[in-house]
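Visitor: Output the structure for:
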Amino acid sequence: MTTDETRLLRRRMHAQFGHVGPHEAPSDAPEGAGRPGGVAAVAGRAAGIQAQDAAAARLGLRARGVEAAAEVDAAYRSGRVVASWLMRGTLHLVPAEDLPWLLRLFGARNLAAGAGRRRQLGLTDEICERAVALLPEVLVAPLSRSDLIAALIGRGVEVDPSGQAPAHLVGYAAARGLLCRGAEVAPREPGYVLRPGPPPGPPEPPGPPEEADLAALAVRYLAAFGPAGAADLAAWSGLPLMACRRAVAAAGLPEVAPGLFADPGAEPPAGGPAGGSEGGRLVRLLGAYDNYLLGYRDRTVMLDPAFARRINAGGGVVHPALVADGRVLGRWGTERARGAVTVLVEPFGPLPGAVREGLRAEVAAVGRFLDVATELRIARP
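Guide: Numbering: from 1, shown residues only. Here you go, the predicted model:
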């Protein structure tokens, strides 16, 4: 890699993962937005964590400073974080306080994008609005999707409980700002809750985003992903490129390379690697669909195209990745047996000693996060 590419990756790695030490001792401070490793603080700093896979979302939070999986469930139960369909129409875990302005940017847009499919599934506007009107009566406590749909059907809402109609009806209500995902109601069974705050008005067609909301999005994105540009913001958010150019301009952050902007506070420390110790390597085991691999239009500097299919397997699948100083060096998975977890790493090539050292520390950190015994196994390249 060139010196400029190395510097770019170092800055991006620090923006993503360098705000807390790689393996800090657990904090006695209560979880919350004020603690650097609190779930809400980490989710906000990351500009949201992709959350269609709940286990992968937890690993994404872990890689950015959350110390225990149980903290994620507690943050959901307390209402400090929620999940809803936002950027690219995809489920994201965000601080509850961020949801209103994110819905202003993405709610109407996602409603319009799903209109054709809803019609195919027999979900007319009248049926959807009838369901939305009943939600305050139905969601007096968190419900699974199947229980929620059953309750709506019991009140006369005409929806086929099989197939994709329930998912699209729930997505409609989320885009309208009526409900969101909260804590699980059973293992691997997400619960749905009413979104806090006053009920929204009638649905509106998507219009030009407000300048203040665009600027807020760009500031949050560039702090989490910078150095990056408008095309990267468009790829991550799903917003039109012209809107993203306006957003980056409105953010007012410095241009650190041609067409690339960053938060000055995301500059890594001089000398050692981003967030790591002098002479070490910043190593992270990232979960599936991690932000780091979904946040840029062009990933070739991070992921050698020769190995891209081993991470981006097609069909929207993005495998868990081993990353060191910004470069994807392999993929990984877990095997459970007799109460322990083996972390199996499949590197693309021989791993330097410093990376292996960081990898061993990461495997131990994953074990602490999941509260299980872990061991490392590295496959032959």
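Visitor: which residues does A56 contact?
Guide: 50, 287-290, 320 (Cβ atoms under 8 Å, 6 or more residues apart in numbering). Heads up, the C-betas are built off the backbone N, CA and C, glycines and all.
Visitor: so how far is E126 from the residue located most distally from the centre of the chain?
Guide: For the chain, the largest distance from the centre (Cα atoms, centre = their mean) belongs to G156, which lies 35.8 Å off. Summarising the geometry, the distance separating G156 from E126, computed by Cβ to Cβ, to the nearest Å, is 12 Å.
Visitor: for the helix or strand containing V328, which positions count as buried?
Guide: Using DSSP states H and E, V328 sits within strand 327-337. Across strand 327-337, burial judged by 16 or more other Cβ atoms under 10 Å covers 327-332, 334.
Visitor: Against which helices or strands is it packed?
Guide: Secondary structure elements in contact with strand 327-337, counted by 3 or more Cβ pairs under 8 Å, 6 or more residues apart in numbering; DSSP states H and E, are helix 308-311, strand 321-324, strand 340-347.
Visitor: And these: which comes nearest A96?
Guide: Between A96 and the helices and strands packed on strand 327-337, the tightest spacing by Cβ to Cβ is seen for strand 321-324, at 29.1 Å.
Visitor: most packed of the helices and strands packed on strand 327-337?
Guide: A comparison of the helices and strands packed on strand 327-337 by mean neighbour count, using mean count of other Cβ atoms under 10 Å, puts strand 321-324 on top with a mean of 25.
Visitor: Averaged pLDDT, it. What do you get?
Guide: Confidence over strand 321-324, taken as the mean pLDDT, stands at 97.
Visitor: what helices or strands is it leaning on?
Guide: Using 3+ Cβ pairs under 8 Å, 6+ apart as the contact test, the elements touching strand 321-324 are strand 283-286, helix 291-294, strand 327-337, helix 353-370.
Visitor: Can you list the strands that that strand pairs with?
Guide: strand 283-286 (antiparallel), strand 327-337 (antiparallel) (DSSP bridges).
Visitor: what's the offset of the longest one from the middle of its chain?
Guide: Between the centre of strand 327-337 and the centre of its chain there are 19 Å (Cα atoms, centre = their mean, to the nearest Å).
Visitor: Then stretch 244-257?
Guide: Distance of stretch 244-257 from its chain centroid, counting by Cα atoms, centre = their mean, is 22 Å.
Visitor: Keeping just the C-alphas, turn that stretch into CSV.
Guide: The C-alpha atoms that make up stretch 244-257 are tabulated as CSV, following Å, rounded to 0.1, in the frame of the first residue of the first chain:
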residue,chain,number,x,y,z
CYS,A,244,-25.2,13.9,0.4
ARG,A,245,-23.1,16.6,-1.3
ARG,A,246,-25.3,19.2,0.5
ALA,A,247,-24.9,17.3,3.7
VAL,A,248,-21.1,17.2,3.6
ALA,A,249,-21.0,20.9,2.7
ALA,A,250,-23.4,21.7,5.6
ALA,A,251,-21.4,19.7,8.1
GLY,A,252,-18.5,22.1,7.6
LEU,A,253,-15.8,19.6,8.5
PRO,A,254,-12.2,20.0,7.1
GLU,A,255,-11.1,18.4,3.8
VAL,A,256,-8.2,16.2,4.8
ALA,A,257,-7.6,14.8,1.3
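Visitor: That one: which residues count as buried?
Guide: Buried residues in stretch 244-257, counted by 16+ other Cβ under 10 Å: 244-248, 250-251, 253, 256.
Visitor: Skipping adjacent residues, who's closest to G163 in space?
Guide: In space, and not counting its chain neighbours, G163 is closest to L121: 7.2 Å by Cβ to Cβ, 6 or more residues apart in numbering.
Visitor: Please apply the same query to Y172.
Guide: Sequence neighbours aside, C128 is the residue nearest to Y172 in space, at 4.9 Å (criterion: Cβ to Cβ, 6+ apart).
Visitor: and that neighbour, what element?
Guide: Judged by DSSP H and E, C128 forms part of helix 125-138.
Visitor: Mind giving me the packing neighbours of that helix?
Guide: Contact partners of helix 125-138 among helices and strands, from 3+ Cβ pairs under 8 Å, 6+ apart: helix 145-154, helix 165-175.
Visitor: which residues are in contact with the shortest one?
Guide: With contacts defined as Cβ under 8 Å, 6+ apart, helix 145-154 is touched by 131, 134, 138-139, 143, 159, 161, 166-167, 169-170, 185, 190, 192.
Visitor: picking up where we left off before, and the residue nearest to Y172, what is it in contact with?
Guide: 118, 169, 172-173 are the contacts of C128 under Cβ under 8 Å, 6+ apart.
Visitor: now swap in F348 and tell me
Guide: By Cβ under 8 Å, 6+ apart, the residues touching F348 are 304, 307, 310, 328-330, 381.
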